[in-house]
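K.L.:
turn this into a model:
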Amino acid sequence: MVSQEQRRRQLAREKFLRQQQRRTDARRKARMRNAVIASALGVVLIGSLALYTTGVLKEDKKTNAGTEVTESSSPASPLPDPCEKPAAGKVKSETWKKEPAMTIDKSAAYTMKLATTCGDIDIDLKTSAAPHTVNSFNFLAGKGYFDHTKCHRLTTNGIYVLQCGDPTGSGSGGPGYTIPDENLKDKSLKGNVYPAGTVAMANTGQADSGGSQFFLVYQDSQLPPSYTPFGTVSESGMTVLKKIAAAGESTGAGDGAPNATVVINKATVTKS
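P.N.:
Purely as a prediction, here's the structure:
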């Protein structure tokens, strides 16, 4: 026979054990939650740093404090495509094992015209300051390498660039060779800002890793001075860039394919 006192003690002990179990469960859940949060923050920080060094910085979409989001909320519809249909033709897939021999006149002036579906983008090239880069573009344009290629990336948060020059459209394509970094102390780069109108080489984040991909800055952008600036967009070309940017990008997060159909129908480099 269990006395009332023994029964009371048994119930008290069971209650204590239940409380301890609840505390243990709560601590375990807290640790798991904190680990998930820390892991997520780590991914965000590492991802942001990697994107920054490759010329593309994302920012998370945020709602204002106190703003209620309901199920009826929906993303804004993209603006109408402001560009024309691409010209008929196929992208070339040829690659080369080494940088082309120097054939340009380093003391001469060269220009590049990108005849795109959205309008012509004329670029004054910085031949004497970036001869390897200009020579490479002269070679590739002469081979029709850029013709019928899409400009595959538009960034609208943090930095403001349109990226082109990849025949695969994936962001990982190139001509098979790399060219050295040049002109990283260009007088136009002040306070680690690439001013609007700058045309610069994309790279892998490693020195001397430029290939064929390049970006056109349509609004002043804070970037480390590790991307070869090799040209300046004309005033009319800036109008085209801003039209493309105004149409936005596909993800809504500030980094994705342009909503505008931006295809380089023909790229031409000309000696002035």
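K.L.:
touching stretch 216-224 from outside, list them.
P.N.:
Applying C-beta atoms under 8 Å, 6 or more residues apart in numbering, the external contacts of stretch 216-224 come out as 52-53, 55, 121, 158-164, 192-200, 233, 238, 241-242, 244-245. For the C-beta atoms, the positions are set from N, CA and C on the backbone; glycine is no exception.
K.L.:
buried stuff in it?
P.N.:
Using 16 or more other C-beta atoms under 10 Å as the test for burial, stretch 216-224 gives 216-219, 221, 223.
K.L.:
follow-up on the earlier one: among the contacts of stretch 216-224, name the buried ones.
P.N.:
52-53, 55, 121, 158-164, 194, 196-200, 233, 238, 241, 244-245.
K.L.:
what ranges does the stretch 51-200 of the chain have for its helices?
P.N.:
Using DSSP state H, counting those that start in this stretch, the helices of the stretch 51-200 of the chain run over 131-142.
K.L.:
got the buried residues of stretch 216-224 as a markdown table, with pLDDT columns?
P.N.:
Listed next are the buried residues of stretch 216-224 as a markdown table, based on pLDDT from 0 to 100:
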| residue | pLDDT |
| --- | --- |
| Leu216 | 98 |
| Val217 | 98 |
| Tyr218 | 98 |
| Gln219 | 98 |
| Ser221 | 98 |
| Leu223 | 97 |
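K.L.:
closest to Ser272 out of the residues you listed?
P.N.:
Here the nearest of those to Ser272, counting by C-beta to C-beta, is Leu216; it sits at 20.2 Å.
K.L.:
in what helix or strand does the closest one lie?
P.N.:
Using DSSP states H and E, the element containing Leu216 is strand 214-217.
K.L.:
got the contact list for the longest strand anywhere in the chain?
P.N.:
Longest strand in the chain, counting residues (DSSP state E): strand 263-271. The contact list for strand 263-271, computed with C-beta under 8 Å, 6+ apart, reads 83, 86-87, 89, 104-105, 108-117, 125, 134, 137-138, 140-142, 145-151, 164.
K.L.:
report the contact partners of Leu154.
P.N.:
By C-beta under 8 Å, 6+ apart, Leu154 lies in contact with 161-163, 244-245, 248-249, 255-259.
K.L.:
between these, which is nearest Asp208?
P.N.:
Gln163 (19.2 Å).
K.L.:
which stretches in this structure count as strands?
P.N.:
Ranges of strands within the chain are 110-116, 119-125, 149-150, 153-155, 161-164, 193-194, 198-201, 214-217, 221-222, 229-233, 255-256, 263-271, based on DSSP E.
K.L.:
so which of those strands gets nearest Lys187?
P.N.:
Nearest of these (C-beta to C-beta): strand 229-233, 10.0 Å.
K.L.:
pLDDT below threshold where in the protein?
P.N.:
Across the chain, the ranges flagged by pLDDT under 70 are 1-78.
K.L.:
hmm, who's touching stretch 98-107?
P.N.:
Contact partners of stretch 98-107, identified using C-beta under 8 Å, 6+ apart, comprise 110, 127-128, 131-132, 134-136, 138-139, 177-179, 271.
K.L.:
who wins on neighbours among the residues you listed?
P.N.:
The most neighbours of any of the contacts of stretch 98-107, using other C-beta atoms under 10 Å, belong to Ser136, which has 26 neighbours.
K.L.:
tell me the contacts of the residue lying closest to that one once chain neighbours are set aside?
P.N.:
Excluding the flanking residues, the one nearest Ser136 by C-beta to C-beta, 6 or more residues apart in numbering is Ile179, at 5.2 Å. Going by C-beta under 8 Å, 6+ apart, Ile179 touches 99, 132-133, 136, 201, 208, 210-211.
K.L.:
can I get the CA coordinates of the strand holding Leu216 in PDB?
P.N.:
Extracted C-alpha coordinates of strand 214-217, given in PDB (Å, rounded to 0.1, in the frame of the first residue of the first chain):
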ATOM      1  CA  PHE A 214      32.100  42.500 -70.100                       C
ATOM      2  CA  PHE A 215      29.700  44.800 -68.400                       C
ATOM      3  CA  LEU A 216      28.300  48.200 -69.200                       C
ATOM      4  CA  VAL A 217      27.700  50.500 -66.200                       C
END
